[in-house]
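> sharing a sequence plus its predicted fold:
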Amino acid sequence: MNSRMLNSSTLITELSNSHGNTRDYTEKSLLRHLLFRVFLCASVAKIFVFIRLKQYLKPVGSGTNPLRKPPPLPAHLFIILLLSLAASACSQDHDDAFHDQFFAFGTLIDLTLYGVDPATARQASERIEQDFQDMHNSWHAWQASDLTRINEQLATRKTATADDSILSMIAEADRLSLQSNGLFNPVIGELIALWGFHDNPLPIGTLPDKDTLNRLVAQRPSADDITIEGNRISTRNPAVRYDLGAFAKGYAIDRAVERLRELGIGNAIVNAGGDLRAIGRHGDRPWRIGIRHPRQPGILASVEIEGDTSVFTSGDYERFFEVDGIRYHHIIDPRSGYPADRTASVTVIHGNAATADAAATALFVAGPDEWSSVASRMGIKYVMLIDTDGIIHMNPAMQARIRFEPETNAVIRLSEPLP
Ligand code: AMP
Ligand code: MG
């Protein structure tokens with residue numbers, strides 16, 4: 001059996017988010033930035049001194065009086081111009097973009113805050129990082145966490161208790177699952193574990209046992225099987241197991257944006273490995289976001305966003321292994337129990353991040369034939385789906401706001417407008 005394990009971390013590039021000319025004020029770049037300023041000031045000063053010397057040191061007898069006043073125009077104008085350039089170069093404050101990065105949810109979280117003083121930005125960033133670590137520890141699907149405890153209780157006693165924060169998250173996931181016709185299904189944890197996508201490294205050369213897979217699919221665990229009363233969750237389906245991997249990042253980003261707003265920060269991007277929510281603007285221009293190409297390194301397209309917008313992409317390149325040349329990736333069609341095999345990536349633009357995250361996964365499973373009906377059910381207005389033949393499917397509103405970089409010669413299939 002010819003099998004190959006691919007490490008997802010090498011495949012996820014930093015290209016899914018481009019900050020345009022956002023400046024990076026981490027320590028290293030601050031030093032780079034200061035050196036650049038010093039170099040610029042020194043260069044302008046050198047030109048200024050050179051011009052003054054040329055005026056005063058002309059050789060005696062060259063036909064000019066060395067003691068005469070320097071020529072008022074145009075030399076003075078030129079000097080004033082240079083001086084003002086030098087002044088602006090030497091004193092210009094940074095463009096107020098603060099940039100920080102840390103690891104959570106197994107990915108790089110990238111925070112950009114705009115128009116915030118450095119001390120406040122640093123404090124906000126530390127707070128957000130702590131929030132992310134707490135959420136990650138509490139929601140982990142297979143390391144000891146509140147979620148694994150709930151799963152164990154559901155499996156043995158069919159009833160579990162949970163605190164408000166995790167209950168509202170679960171309730172929101174269940175609601176989105178029903179909207180998606182169960183294509184985003186947060187209770188197929190058993191199936192995902194069976195495929196080995198919880199393992200690190202991923203399984204090499206082994207496919208799940210067919211009988212176990214078929215049994216799990218036949219049990220049809222669904223959000224419909226869940227009842228939440230007070231702080232108690234119960235289910236009548238023994239196959240129900242929560243895995244919030246398709247939605248937790250989005251939900252966490254929404255909590256981070258709430259936290260930023262509490263702290264009075266209105267212009268920011270919270271980016272978790274390329275999936276992000278932006279609020280406000282980047283100074284006098286919108287945020288520019290790159291969308292990764294599913295089959296090549298680099299970006300396929302970009303969109304400009306402002307106000308309050310999330311951009312989420314689900315891709316078959318993020319976590320997968322190959323057996324006999326066939327790619328088995330981490331996005332499972334709950335109807336078959338196998339990876340959804342007609343989609344390479346789906347990008348969704350939507351207001352809140354939790355919905356965008358759940359929808360990107362659901363539309364990935366829906367594939368080229370069903371994505372627009374599921375998008376309508378979920379209230380999604382902007383979708384781009386790239387199928388495994390490289391055909392780009394979009395709704396007209398998405399086409400109007402996306403820019404391919406460079407122009408693509410791929411076949412583009414437009415859907416009817418989404419309602
Ligand atoms: P995403 O990258 O947001 O599409 O999430 C993929 C992750 O969600 C996988 O690694 C699984 O943990 C989980 N998952 C896979 N298939 C589904 C599905 N159909 N519904 C919900 N979660 C899923
Ligand atoms: Mg998702």
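On my side now, so go ahead. Ligands and ions are numbered 1, 2, ... in the order given.
> so residue 393 is in which element?
Using DSSP states H and E, residue 393 sits within strand 392-394.
> how about residues contacting that strand?
Contacts to strand 392-394, defined as Cβ atoms under 8 Å, 6 or more residues apart in numbering, come from residues 368, 371, 383-387, 402, 408, 410-415. Heads up, the C-betas are built off the backbone N, CA and C, glycines and all.
> among those, which ones are in helices?
Among the contacts of strand 392-394, the ones falling in helices (DSSP state H) are 368, 371.
> now, which of the contacts of strand 392-394 lie within strands?
Counting by DSSP state E, the contacts of strand 392-394 place 383, 384, 385, 386, 387, 402, 412, 413, 414 in strands.
> okay, who's weakest in the contacts of strand 392-394 by pLDDT?
Minimum pLDDT for the contacts of strand 392-394 is recorded at residue 408 (90).
> and stretch 203-210, end to end?
End-to-end span of stretch 203-210 (Cα to Cα, to the nearest Å): 16 Å.
> where does the protein dip in pLDDT?
Residue ranges of the chain with pLDDT under 70: 1-95.
> tell me where it has helices.
Remark: helices assigned in the chain by DSSP H are 8-11, 27-56, 75-91, 118-139, 146-156, 164-179, 189-195, 210-219, 248-262, 353-378, 396-401.
> and the residue in the stretch 201-350 of the chain positioned nearest to ligand 2, its phi and psi?
Nearest residue of the stretch 201-350 of the chain to ligand 2: residue 246, at 3.9 Å (Cβ to the ion). Here is the backbone geometry of residue 246 (degrees, to the nearest 10): phi -90, psi 0.
> state the distance from it to residue 219.
Between residue 246 and residue 219 the computed distance is 20 Å (Cβ to Cβ, to the nearest Å).
> ditto for residue 119
Noted for residue 119: a distance of 54 Å to residue 219, by Cβ to Cβ.
> of those two, who's got more company?
A direct count of neighbours by other Cβ atoms under 10 Å for residue 119 and residue 219 places residue 219 higher, at 15 against 8.
> ok, now which ones touch the nearest residue to the more buried one once chain neighbours are set aside?
Leaving aside its chain neighbours, residue 219 sits nearest to residue 239 (3.7 Å; criterion: Cβ to Cβ, 6 or more residues apart in numbering). When contacts are counted by Cβ under 8 Å, 6+ apart, residue 239 touches 190, 216, 219, 220, 221.
> how close does residue 239 get to residue 340?
Distance from residue 239 to residue 340, by Cβ to Cβ: 20 Å.
> distance from stretch 327-341 to the middle of the chain?
Chain-centre distance of stretch 327-341: 23 Å, with Cα atoms, centre = their mean, to the nearest Å.
> tell me which residues of that stretch are tucked away?
Buried positions in stretch 327-341, judged by neighbour count with 16 or more other Cβ atoms under 10 Å: 327, 328, 329, 330, 331, 332, 333, 334, 337, 339, 340.
> ok, now which ones touch residue 353?
249, 250, 251, 253, 254, 257, 270, 275, 276, 277, 310, 312.
> same question, residue 365
Residue 365 sits next to 183, 184, 331, 332, 333, 334, 340, 343 when contact means Cβ under 8 Å, 6+ apart.
> how about a cut-off of 6 Å?
Shown here is residue 365, whose contacts under the criterion Cβ atoms under 6 Å, 6 or more residues apart in numbering are 183, 333, 340.
> okay if I get these as CSV plus distance to residue 361?
Output for the contacts of residue 365, formatted as CSV (distance: Cβ to Cβ, whole Å):
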residue, distance to residue 361
183, 8
333, 11
340, 9
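> would you mind listing what in this protein touches ligand 1?
Neighbours of ligand 1 within the chain, by Cβ under 6 Å from any ligand atom: 184-186, 192, 197, 243, 245-246, 314, 318-319, 330-332, 334, 357, 360-361, 365.
> alongside ligand 2, which residues does this structure contribute?
246, 357, 360, 361 (Cβ under 5 Å from the ion).
> what's the burial count for the first one?
Just to be clear, that refers to residue 246. Residues within reach of residue 246, counting by other Cβ under 10 Å, total 27.
> that one reaches residue 361, doesn't it?
Yes: counting by Cβ atoms under 6 Å, residue 246 touches residue 361, with 3.9 Å between them.
> now the residue most central in space within the chain: closest residue in space that isn't a chain neighbour?
The centre of the chain sits closest to residue 275, judged by Cα atoms, centre = their mean, with a distance of 1.9 Å. Excluding the flanking residues, the one nearest residue 275 by Cβ to Cβ, 6+ apart is residue 312, at 4.5 Å.
> what about the one you found, neighbour count?
Neighbours of residue 312 using other Cβ under 10 Å come to 26.
> any idea what it is bridged to?
residue 348 (DSSP bridges).
> so what's it up against?
Contacts of residue 312 by Cβ under 6 Å, 6+ apart are 275, 348, 356, 357, 360.
> let's see it at 7 Å
With contacts defined as Cβ atoms under 7 Å, 6 or more residues apart in numbering, residue 312 is in contact with 250, 275, 348, 353, 356, 357, 360.
> who wins for neighbours among these?
residue 357 (33 neighbours).
> tell me who's in contact with that residue.
By Cβ under 7 Å, 6+ apart, residue 357 lies in contact with 246, 247, 249, 250, 275, 312.
> now those residues as a markdown table including distance to residue 296?
Compiled in a markdown table, the contacts of residue 357 are given as follows (distance: Cβ to Cβ, whole Å):
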| residue | distance to residue 296 |
| --- | --- |
| 246 | 25 |
| 247 | 28 |
| 249 | 24 |
| 250 | 26 |
| 275 | 20 |
| 312 | 20 |
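> nearest to ligand 1, of these?
Closest to ligand 1 out of the contacts of residue 357 is residue 246 (3.3 Å), distances taken as Cβ to the nearest ligand atom.
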